[in-house]
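**Q** Any chance you could fold what I've pasted below:
(one chain, ligands or ions: 2)
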Amino acid sequence: MSDIRFQHVTKIFGRKVEAVKDLSFIINDGEYVSLIGPSGCGKTTALRLLAGTILPTKGQIFFDDKHMENVSIQDRNIGFVFQHFAIFPHMTVWENVAYGPTVRGRHKKDIESLVENALKSVQISSKAELYPPTLSAPDWQKTALARVLASEARILLLDEPLGALDQKIREEFQVFLRDLVKREKLTAIHVTHDQAEALTISDKVAVMNKGELIQLGSPTDLIYNPNHIFTSFFVGESDFLEGVVINDEEKESEVKIGQSIIRTHNTGVSKGKRVAVAVRREFFQLEKITKDADKITNNYINGTIIQDQFLGLLRRVRVRLENQQIIEAKIHAKYPIHFNENESVKVGFDSSLSRCFDYPKEGIIAALEM
Ligand code: ADP
Ligand code: MG
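**A** Ligands and ions are numbered 1, 2, ... in the order given. Alright, predicted model coming up:
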């Protein structure tokens, strides 16, 4: 058990709320997959379709090659963990964890060993006799996870499970959760609004917008190889430079931006096309214009510093390019050079780290609407 396959799945609520649209993807057995995207983009709906609490309006869902249409929630081998802890406050941790196997009529001996193993696996055995109101938030979530394990579910669905935890504990819990899923050989599908969490915890991340799947890829793919303008926009921070392709070679294209010509990764857009060149803010390189130029990069546009601002670990340097577009470079706080207002600089980047997208007909802002 089991690959999960969505095949052209659409869910329409009421007459016309298309919560998810034509969703097709495969999640392999044992993978940890996160779903990210703006609020209302259909993440929870996708989880509910998987769980079987709602059925697709169109399309099919398969576990391995079995069509799930007539398979009930109980028979889908699924466990849930939510932000708002779904455990019973009037039962001890032990009783909460024993609940699943008990209602399924397992023998007393089996229940005991399932519960003990589950408690041990989430490291909460010492609190078995306590009642949830006396526990910390992470222990509530451990109890919820133990409950999933004791129910022998193989697929773990998590909807903002760490949303109620403080940042530091949240980061520790991310590691704990991933380890648990891998050790127990579960398949996990995890909804989060925290993209850093998704990139840390997952084998693959699915980026969604307005009910559609935009890109499903590894965390490094999403950062280094976005294949859609929305991925560049939503995952991390990028600027989009407007230009026209004047030359396309096998690996690189030349794009005219204002009066400058820069090289970009060739993303398959052809000569003469108007494009948006996406560059992640941390991939920009900045250099003062001096006589011994070309130190950092020879692929650059001239610009003028607006502001060099300290942000703790990073600095944000805002620059007006010669075509009047304003970009923001994120550089390390320790970067030895400080930039002064109105100073002339070169703004460069490694061509292989940029991506070139067809300029959206409706304009960048409309194309990136969430
Ligand atoms: P997310 O979890 O990404 O924030 P949801 O999957 O909850 O998004 O919702 C996607 C869209 O479907 C939203 O527009 C939401 O208002 C709508 N929606 C979700 N559930 C229902 C429902 N039961 N009835 C009507 N509309 C719904
Ligand atoms: Mg949701």
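**Q** Count the residues that sit near residue 210.
**A** The local packing of residue 210 (other CB atoms under 10 Å) involves 17 other residues. No exception for glycine: its C-beta is placed from N, CA and C like everyone else's.
**Q** just residue 280 next, same as before
**A** Using other CB under 10 Å: residue 280 sits among 21 other residues.
**Q** In this structure it contacts residue 238, no?
**A** Yes - applying CB atoms under 8 Å, one finds residue 280 in contact with residue 238, separated by 5.0 Å.
**Q** Name the residues contacting each of the two.
**A** By the contact definition CB atoms under 8 Å, 6 or more residues apart in numbering, residue 280 and residue 238 are jointly contacted by residue 232.
**Q** What are the contacting residues of stretch 261-268?
**A** By CB under 8 Å, 6+ apart, the residues outside stretch 261-268 that reach it are 227, 243, 246, 248-255, 277, 299-301, 349, 351-357.
**Q** so where's this structure uncertain?
**A** 1, 85, 291-297 (pLDDT under 70).
**Q** dump the residue contacts of the residue of the stretch 251-370 of the chain found nearest ligand 1.
**A** Evaluated by CB to the nearest ligand atom, the stretch 251-370 of the chain has residue 370 as its residue closest to ligand 1, separated by 10.3 Å. With contacts defined as CB under 8 Å, 6+ apart, residue 370 is in contact with 37-38, 41, 209-210, 234.
**Q** swap in residue 208?
**A** 35-37, 41-43, 46, 214.
**Q** Could you take those and lay them out as JSON lines, with extra columns for distance to residue 128, neighbour count and secondary structure?
**A** Supplementary listing: those in JSON lines, determined by distance: CB to CB, whole Å; neighbours: other CB atoms under 10 Å; DSSP: H, G, I helix; E, B strand; the rest coil:
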{"residue": "35", "distance to residue 128": "33", "neighbour count": "24", "secondary structure": "strand"}
{"residue": "36", "distance to residue 128": "35", "neighbour count": "25", "secondary structure": "strand"}
{"residue": "37", "distance to residue 128": "38", "neighbour count": "25", "secondary structure": "coil"}
{"residue": "41", "distance to residue 128": "39", "neighbour count": "23", "secondary structure": "coil"}
{"residue": "42", "distance to residue 128": "38", "neighbour count": "24", "secondary structure": "coil"}
{"residue": "43", "distance to residue 128": "33", "neighbour count": "26", "secondary structure": "helix"}
{"residue": "46", "distance to residue 128": "34", "neighbour count": "26", "secondary structure": "helix"}
{"residue": "214", "distance to residue 128": "44", "neighbour count": "22", "secondary structure": "strand"}
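**Q** Of these, just say which sits nearest to ligand 1.
**A** After measuring those against ligand 1 - CB to the nearest ligand atom - the closest member comes out as residue 43, at 3.5 Å.
**Q** was I right about the closest one contacting residue 189?
**A** No - if you go by CB under 8 Å, residue 43 and residue 189 don't touch, sitting 9.7 Å apart.
**Q** Can you tell me the element the closest residue to residue 340 other than its chain neighbours falls in?
**A** Once flanking residues are discounted, residue 340 sits nearest to residue 305: 6.4 Å by CB to CB, 6 or more residues apart in numbering. Residue 305 is part of strand 300-310, with elements assigned from DSSP states H and E.
**Q** List the contacts of that strand.
**A** Contact partners of strand 300-310, identified using CB under 8 Å, 6+ apart, comprise 241, 257-258, 260, 262, 285, 287, 289, 315-323, 326-327, 333, 338-349.
**Q** Show the secondary-structure elements that whichever helix or strand comes after it is packed against.
**A** Per DSSP H and E, the first helix or strand lying C-terminal to strand 300-310 is strand 314-321. On a contact count with 3 or more CB pairs under 8 Å, 6 or more residues apart in numbering; DSSP states H and E, strand 314-321 meets strand 300-310, strand 326-332, strand 344-348.
**Q** so which of the ones you listed comes closest to residue 223?
**A** strand 326-332 (13.3 Å; CB to CB).
**Q** Can you give the contact residues for that closest one?
**A** With CB under 8 Å, 6+ apart, strand 326-332 has contacts from 237, 239, 241, 279, 281-282, 284-286, 303, 306, 313-321, 347.
**Q** Make a PyMOL selection of the buried ones in the residues you listed.
**A** Entered in PyMOL, the line below selects the buried ones among the contacts of strand 326-332, by 16 or more other CB atoms under 10 Å:
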select buried, resi 239+241+279+281+284+285+286+303+306+314+315+317+318+319+321+347
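**Q** now the helices for the protein?
**A** Listed in chain order, the helices found in the chain under DSSP state H are 43-51, 93-103, 108-121, 137-150, 167-183, 195-201, 219-224, 229-234, 364-367.
**Q** For this structure, list the residues in contact with ligand 1, please.
**A** Where the chain comes near ligand 1, counting by CB under 6 Å from any ligand atom, the residues are 13-14, 17, 19, 37, 39-45.
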